[in-house]
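1. Sequence first, predicted coordinates after that:
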Amino acid sequence: MAARILHRLRHALGGEGGREEREHGGSEAEDCPESSELEDDTEGLSTRLSGTLSFTSHEEEDEEEEGAGEELGEQPQPTGAAAGAEDGGRCWGARTGAAPRGGPRRWQGSPCPVASGLTSPPGAECGGGSLLTRQLQELWRRSRGSLAPQRLLFEVTSASVVSERSSKYVLYTIYLIRSGRFDKAPAIITRRYSDFERLNHRLRYRFSCDMAGVAFPRKRLRRNFTAETIAKRSRAFEQFLSHLHSIAEIRRSPEFLEFFFLQDLRAAQRLTCTGMYREALATWANAYRLQDRLGVCGSGRFLLTLAGLAVCHQELDQLGEAHGCCEQALELLEAQGSHPLLGPFLQAHIHLAWKVGKDKRRSEARLQDLQEAGPPLQQQPTLKECLIKEPLE
């Protein structure tokens, strides 16, 4: 007690009490006014807070390792900010100094400067610091995701020699793979050299300037069916498709897109017309995945694909899946006032919603508005009739 009184007298007389009291820890410093603690600690605090902030906790590292196969667009929620909110408004920070071996040191749950009595700018609160931390975390996550953008990869997985009555050729199987995501059911096409050659001629005729730097494997007069030639052509076709996909105008052209899914659409339509719904369903589903990988899920071909899936699911008594296809199509047609497939999709959706016990009032209202502005219901074709009559050229 006598020592504490002596310290206060020295502070009042010589102005040296603040420095000496800061040298003492524990409960002695708590009894002194806040001004004596905050007076000349600002410079030291700014020095400690300078440096690189680390917003990744150990829990986040575990989550990132476990979710390495997920899409880059689906980022997990930051655990640091959540932990700070649950901990009574704690703020997150980092200290300067040499980092230990094995990576930078991470400091978690450091008390808020206001609560600990260190320093704080006027009007600052712990809630504002936590909000700023969450914003910085989100910015860091977005920048990290932008470093590895999702790409479409083309991989020739196999090649087989096909011998027919009057010809012999190599059939290449190509997978369309999106980097950063595991596809349970990959999109697949099988093409021969003549298919690639036809695509190359069509694109060079329309995009002569863009195609000037695109290489294409030349024909060979002999040794076309050796393992060495097939392997070289497989790698060449992968590079050929990747180069085409990197050019925006070619990537969106009908010639490039139809090379992938037009054959499937034609085959699925023929199978549907002949009543082979199970075989047609698999072909429609592959065409759906191809268009999804290529990013053309709003085109007329994609709506036709949804119609084929809905019809085949309904014929196979898979009513829930058919209802889902109709709902997806109606979402795409939401912004369009009129479309040849809008009426048939509405009729099919209402019928399937009644079968599976789903809400159908909105579709009924849309169908009534459509009938008032167009032909009566009796004159509108069904979804299957539209699917069969649609020409695929």
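-> Sure thing, it's come through. Every value quoted in this text rests on a predicted model; they were computed, and no experiment measured them.
2. alpha carbons only for contacts and neighbour counts from here, please
-> OK.
3. Would you verify that residue 172 is located in a strand?
-> Yes. Using DSSP: H, G, I helix; E, B strand; the rest coil, the assignment for residue 172 is a strand.
4. Pretty sure it sits against residue 156.
-> Yes. Counting by C-alpha atoms under 8 Å, residue 172 does reach residue 156; the two are 6.6 Å apart.
5. what residues are shared contacts of those two?
-> Listed as contacting both residue 172 and residue 156 by C-alpha atoms under 8 Å, 6 or more residues apart in numbering are residue 234.
6. Count residues in the vicinity of residue 264, would you?
-> 23 (other C-alpha atoms under 10 Å).
7. Just list what the one helix or strand it maps to packs against, helices and strands only.
-> Assigned by DSSP states H and E, residue 264 falls within helix 254-273. Counting contacts by 3 or more C-alpha pairs under 8 Å, 6 or more residues apart in numbering; DSSP states H and E, helix 254-273 packs against helix 193-206, helix 277-294, helix 300-315, helix 383-389.
8. What residues does residue 312 make contact with?
-> Residue 312 touches 272, 277-278, 280-281, 322, counting by C-alpha under 8 Å, 6+ apart.
9. go on, residue 294?
-> Contact analysis of residue 294 by C-alpha under 8 Å, 6+ apart lists 152, 257.
10. Now restrict the contacts of residue 312 to buried residues only.
-> Burial by neighbour count, 16 or more other C-alpha atoms under 10 Å: within the contacts of residue 312 this picks out 272, 277, 280-281, 322.
11. Put together JSON lines for those, with pLDDT and distance to residue 188 on each row.
-> Below are the buried ones among the contacts of residue 312 laid out as JSON lines (pLDDT from 0 to 100; distance: C-alpha to C-alpha, whole Å):
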{"residue": "272", "pLDDT": "95", "distance to residue 188": "20"}
{"residue": "277", "pLDDT": "96", "distance to residue 188": "20"}
{"residue": "280", "pLDDT": "97", "distance to residue 188": "15"}
{"residue": "281", "pLDDT": "97", "distance to residue 188": "15"}
{"residue": "322", "pLDDT": "96", "distance to residue 188": "23"}
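12. Any chance of these in JSON lines with distance to residue 351 as columns?
-> Listed next are the buried ones among the contacts of residue 312 as JSON lines, based on distance: C-alpha to C-alpha, whole Å:
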{"residue": "272", "distance to residue 351": "20"}
{"residue": "277", "distance to residue 351": "20"}
{"residue": "280", "distance to residue 351": "22"}
{"residue": "281", "distance to residue 351": "20"}
{"residue": "322", "distance to residue 351": "11"}
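13. And stretch 270-282, end to end?
-> 13 Å (C-alpha to C-alpha, to the nearest Å).
14. ok, residues contacting it?
-> Residues contacting stretch 270-282 (C-alpha under 8 Å, 6+ apart): 267-269, 308-309, 312-313, 315-316, 388.
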